[in-house]
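Peer 1: Pasted the sequence and its predicted model underneath.
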Amino acid sequence: MSAQTNADRVFDSLDVEVNGYLTPDQIKKYHCEQHMCDLSLRQVDAAAQKACGTNKVRRDKFLAVMRGVSRRCRASQSLRWDFEFLDTSRRGAIPVEKAQFLFKAVRNQLYSTAEFQEFMKARPLAGAGVAFEELEVVLSEVPDARFTADIELDDAQQAALRDLRQERQQQQRQQHQRQRQQLLHQLSVQQQQQLQAKDDVFSDDDDGPDVPDA
């Protein structure tokens, strides 16, 4: 079965009201159930807007949106780990300087001061700490063609980036172990339920209730 055929079948199963389109909420719920990735609604909406120009995802665009959602899920997980590594105060926000470093770390050779400045100008409070929610969509996007790589990381930043990548790799291993344990647990529960169902069938008494001896 081709990817497109499979995507069409999934779309039809989700479009229970036969609207001819799916909403970001429906896609988020499906993706979370299938991939155990709790991607934010902002990210799903951004993937839909990118592929469709609207948040109403029609059948012919569903596969492209799901591929965008999967890519954003991976990017968002890595970004979350990097953000938490930099959020040493555990306040849920990092200083502007660390946010710029995160831009450099994610963009690498594609980093552009112009892109970061545009991001800062769009913020309501430019000098306030930067929350993860502000970064997750923009840093999951492919850099705009208008921006060119005009700054390279210096030695100190390269060393910090190596530490960041090592921390990310460790977190990825831990995440994979947790997912594997969850899967094994789910399989174990399903097997127990199946065995219990069989026991219930074999324990049915077709002869009626016991009658005490006279």
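Peer 2: Thanks, I have the structure now.
Peer 1: I'd assumed residue 12 was in contact with residue 22.
Peer 2: No - proximity of residue 22 to residue 12 does not meet the contact threshold set by Cβ atoms under 8 Å, at 10.4 Å. All C-beta atoms are positioned from the backbone trio N, CA, C, and that covers glycine.
Peer 1: Between those two, which is the more surrounded one?
Peer 2: residue 22 (22 against 12; other Cβ atoms under 10 Å).
Peer 1: Check which element follows the host helix or strand of residue 82 along the chain.
Peer 2: Assigned by DSSP states H and E, residue 82 belongs to helix 62-86. Counting by DSSP H and E, the next helix or strand C-terminal to helix 62-86 is strand 93-94.
Peer 1: what about that following strand, average pLDDT?
Peer 2: Strand 93-94 carries an average pLDDT of 94.
Peer 1: Surely residue 141 touches residue 49?
Peer 2: No - Residue 141 is beyond contact range of residue 49, at 10.8 Å (criterion: Cβ under 8 Å).
Peer 1: just to revisit the earlier point, pull out the buried positions in the helix holding residue 82.
Peer 2: 62-66, 68-70, 72-73, 75-79, 81-83, 85-86 (16 or more other Cβ atoms under 10 Å).
Peer 1: if I pick the closest residue to residue 137 other than its chain neighbours, what's in contact with it?
Peer 2: Spatial nearest neighbour of residue 137, excluding adjacent residues (Cβ to Cβ, 6 or more residues apart in numbering): residue 46 at 5.0 Å. With contacts defined as Cβ atoms under 8 Å, 6 or more residues apart in numbering, the neighbours of residue 46 are 72, 137, 140, 141.
Peer 1: most surrounded residue in those?
Peer 2: residue 72 (25 neighbours).
Peer 1: measure it to residue 19 for me?
Peer 2: Counting by Cβ to Cβ, to the nearest Å, the separation of residue 72 from residue 19 is 24 Å.
Peer 1: same check, this time on residue 66
Peer 2: Residue 66 is 18 Å from residue 19, where distance means Cβ to Cβ.
Peer 1: Could you do residue 46 as well?
Peer 2: Residue 46 sits 21 Å away from residue 19, going by Cβ to Cβ.
Peer 1: per-residue confidence at residue 174?
Peer 2: For residue 174, the model assigns a pLDDT of 66.
Peer 1: wait, I meant residue 13
Peer 2: Residue 13 is given a pLDDT of 95.
Peer 1: what does residue 214 give?
Peer 2: Reading off the model, residue 214 has pLDDT 42.
Peer 1: do residue 7 as well
Peer 2: 91.
Peer 1: so it makes contact with residue 65?
Peer 2: No - between residue 7 and residue 65 there is no contact under Cβ under 8 Å: 9.3 Å.
Peer 1: List the residues that contact the residue lying closest to residue 31 once chain neighbours are set aside.
Peer 2: Closest residue to residue 31 apart from its sequence neighbours, by Cβ to Cβ, 6+ apart: residue 69 at 5.5 Å. Taking Cβ under 8 Å, 6+ apart, we find residue 69 in contact with 27, 31, 39, 43, 44, 47.
Peer 1: With pLDDT, distance to residue 182 and secondary structure as extra columns, can I get those residues in a markdown table?
Peer 2: Output for the contacts of residue 69, formatted as a markdown table (pLDDT from 0 to 100; distance: Cβ to Cβ, whole Å; DSSP: H, G, I helix; E, B strand; the rest coil):
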| residue | pLDDT | distance to residue 182 | secondary structure |
| --- | --- | --- | --- |
| 27 | 95 | 22 | helix |
| 31 | 91 | 16 | helix |
| 39 | 88 | 17 | coil |
| 43 | 92 | 22 | helix |
| 44 | 94 | 22 | helix |
| 47 | 93 | 25 | helix |
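Peer 1: Thank you kindly, that will do.
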